[in-house]
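Visitor: Return atomic coordinates for the entry below.
(one chain, ligands or ions: 1)
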Amino acid sequence: MAIVDDIRSAAAWVAGRARHVVVEEDAIAAYAAALPPRAELPGLDAEAHVVDGPAETRAAFFLTLDAINFGSGWFPTIRKRDGRSGYFTVALGVRDRFRAHGAWSARELRTIDAATVAAVLGQDPAHELMALFARSLNDLGAHVADDHGGRFLGPVQAAGGSAVALVEELARWDCFADVSRYDGREIPLFKRAQVAASDLALAGAATFGDAGRLTLFADNLIPHVLRLDGVLRFEPALVARIERGELIAHDSPEEVEMRAGAIQVAELIAAARPDLTPQLVDQTLWTRGGGARYKAVPRPRARSTAY
Ligand SMILES: Nc1nc2c(c(CN[C@H]3C=C[C@H](O)[C@@H]3O)cn2[C@@H]2O[C@H](COP(=O)(O)O)[C@@H](O)[C@H]2O)c(=O)[nH]1
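Guide: Prediction:
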């Protein structure tokens, strides 16, 4: 079975036995009907990303950014750009570096250290997230250098027009690892490998015929949006912990159920809205999550390199 089908069937299996986070199936039809048409979806935020210039540079930008598109559990402890979220603070830092000095080469990424990453992102070099970012970039650099001759378009071209094939390759790299365990079973989620495929297509660095097979990208923000919108029901004790700002343990049943529940909801929505794929549902809900209503309430936070 293709990796994306493993992800969706694992997510459905978790959702079917979830104890802490439950899909409100009766809410799906109306919720799906009310989601905006795909035409209204915002594309890439051109100000925060590298969306022009050579395809090789766009591929370098998004593979570099998505290799460090995690840390949401630490975001309350990093220095944010004024009025920007954690994700956009990181994206803008990488974008500024690309604008000033171009892309890091694969060879440079292979040896980049925490202090260099911290300087680019405007962070304390001693912050533990900087060492995690550097380690992820080291692995990315090693794979692009050793497996693809230093070309960031290498993995895209090797995927031969298939987003699923690209996810299959990135999922083998440590820097895109994202498999949890739940009731003794492996639960592949691969949020960043999948968002990388999506971002490369959005940036025009890749053309995929099968992007509709990607699942929703299981982060912490979408379950939060779905809870506030009444589509995922979190048990009261979990809500209380989240609202106290307590970290939820990565790989805990609650955390896996939140992420798997969001993937399952996107599948149910896509079944009700043939014009929307799970990737488009993700973009809609992730964008919605940036709104005041969702920012006003504490969101779940877990510390992992997955999201
Ligand atoms: N499900 C989903 N999660 C996504 C993204 C993105 C960025 N993608 C956009 C970039 C270019 C295109 O416009 C893409 O749409 C980041 N995240 C996650 O959010 C979390 C950050 O939250 P906050 O605390 O607010 O910064 C963090 O876990 C990060 O991994 C997405 O697209 N989908």
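Visitor: drop to CA atoms for contacts and neighbour counts, all remaining ones
Guide: Fine.
Visitor: Just want the residue of the stretch 151-300 of the chain that's nearest the ligand.
Guide: F217 (4.2 Å; C-alpha to the nearest ligand atom).
Visitor: Can you tell me what sits against the helix or strand hosting T287?
Guide: In the assignment (DSSP states H and E), T287 maps to helix 278-288. Applying C-alpha atoms under 8 Å, 6 or more residues apart in numbering, the set of residues contacting helix 278-288 from outside is 35-36, 38, 41, 198, 211-217, 221-222, 225, 263, 266-267, 269-270, 294.
Visitor: Likewise for stretch 92-107?
Guide: Residues contacting stretch 92-107 (C-alpha under 8 Å, 6+ apart): 48-50, 57, 60-61, 65, 120-122, 140-142, 144-145, 150-151.
Visitor: send the alpha carbons of that stretch over as CSV?
Guide: Output of stretch 92-107 as CSV, limited to C-alpha atoms (Å, rounded to 0.1, in the frame of the first residue of the first chain):
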residue,chain,number,x,y,z
LEU,A,92,10.9,34.8,7.2
GLY,A,93,14.4,34.1,8.7
VAL,A,94,15.1,31.5,6.0
ARG,A,95,13.7,33.8,3.3
ASP,A,96,15.9,36.7,4.4
ARG,A,97,18.9,34.5,4.3
PHE,A,98,18.0,33.4,0.8
ARG,A,99,17.5,37.0,-0.3
ALA,A,100,20.9,38.1,1.2
HIS,A,101,23.1,35.2,0.4
GLY,A,102,21.1,32.7,-1.8
ALA,A,103,20.3,29.2,-0.8
TRP,A,104,22.6,27.1,1.4
SER,A,105,24.2,24.4,-0.7
ALA,A,106,23.7,20.8,0.3
ARG,A,107,27.3,20.8,1.4
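Visitor: For the stretch 201-307 of the chain, which segments count as helices?
Guide: Taking DSSP state H, counting those that start in this stretch to define them, one finds helices in the stretch 201-307 of the chain at 221-228, 236-243, 253-272, 278-288, 292-295.
Visitor: now those as CSV including distance to the ligand, mean pLDDT and mean neighbour count?
Guide: Below are the helices of the stretch 201-307 of the chain laid out as CSV (distance: least, C-alpha to the nearest ligand atom, whole Å; pLDDT from 0 to 100; neighbours: other C-alpha atoms under 10 Å):
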stretch, distance to the ligand, mean pLDDT, mean neighbour count
helix 221-228, 6, 98, 24
helix 236-243, 14, 98, 14
helix 253-272, 9, 98, 24
helix 278-288, 5, 96, 21
helix 292-295, 8, 96, 13
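Visitor: Out of these, flag the one nearest E186.
Guide: Among the helices of the stretch 201-307 of the chain, the nearest to E186 by C-alpha to C-alpha is helix 253-272 (10.8 Å).
Visitor: Which elements pack onto the closest one?
Guide: helix 3-17, strand 21-23, helix 25-34, strand 179-182, helix 221-228, helix 278-288 (3 or more C-alpha pairs under 8 Å, 6 or more residues apart in numbering; DSSP states H and E).
Visitor: Report the angle between the last one and helix 221-228.
Guide: Relative orientation of helix 278-288 with respect to helix 221-228: 70 degrees, computed using axes from the mean of the first three to the mean of the last three C-alpha atoms, to 10 degrees.
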